[in-house]
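1. Provide a 3D model corresponding to the input given below.
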Amino acid sequence: MHLLAARGPDGLSLREVTEAAGTNVAAVSYHFGSLRALRDAAVESALETYLDAQLGALAPLSADSTLRELAAAFARPMMHALAVGGPELAIMRTVARVGIDPPDSWGRLTAKFEQTRTDALRVLTARLPEVGHEELTFRTRCAAGLLNWLVMAPIGGELAARPAEQIERWLVPVLTGTLEGHAHPGTGALLRG
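-> Reported below is the predicted structural model:
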């Protein structure tokens, strides 16, 4: 996981992975068949860990929850990983890095992706009834993209050096704004003009 997070899926060699794991090339071939299959299994495991944590954070929310509560729950696994670092941050970086070009096997996680979206939309549709389903789904995907970018960008490293409370204080309002989607009063004229 650490090697994947640091170098990305294409930056690994089989020898490097087996040395880090304290095993040999034959073990990888026996259990996975190839470096690519091992890498895809590790990435899928990382994503499932992330989705399970996110689902656990979102499950207690109801239609009465606020957008701020939704944003905090949605970001909780990422904020926790930034605060503690180590393997948990490696999992988040791996998910973020590979999410652009996911392995074919991610299809088995479709139900978890859909449940995450359903849990978020339960709050969003109650709080923003005037906004259509498609736009709310887009906002949810933007919030996820923002978290992925944050964990990979240099600013994520700067944020990771902060206490957990500060990470939440800084990040949750940004995600709340992403989900809420209010435009600045002059934005419409600017875009039209």
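
2. any idea which helix is longest in the chain?
-> helix 35-58 (DSSP state H).

3. can you list the residues that contact that helix?
-> 1, 4, 9, 12-14, 17, 28, 31-32, 70, 73-74, 76-77, 80, 91-92, 94-95, 98-99, 102-106, 108-109, 112-113, 115-116, 119-120 (Cβ atoms under 8 Å, 6 or more residues apart in numbering). Bear in mind the C-beta positions are built from the backbone N, C-alpha and C, glycine included.

4. repeat that with 6 Å
-> With Cβ atoms under 6 Å, 6 or more residues apart in numbering as the contact definition, helix 35-58 has outside contacts at 4, 9, 14, 28, 32, 73, 76-77, 91, 94-95, 98, 103, 105, 112, 115-116, 119.

5. Kindly write the ChimeraX command that selects the buried subset of those residues.
-> Listed next is the ChimeraX selection for buried residues among these, using 16 or more other Cβ atoms under 10 Å:
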select :4,9,14,28,73,76,77,91,94,95,98,103,112,116,119
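
6. Now intersect the contacts of helix 35-58 with the helices, please.
-> Assigned to helices by DSSP H, the following of those qualify: 4, 14, 28, 73, 76-77, 91, 94-95, 98, 112, 115-116, 119.

7. and of the residues you listed, the nearest to Glu180?
-> Ala73 (15.1 Å; Cβ to Cβ).

8. Can you name the residues that contact that closest one?
-> With Cβ under 6 Å, 6+ apart, Ala73 has these contacts: 57-58, 61.
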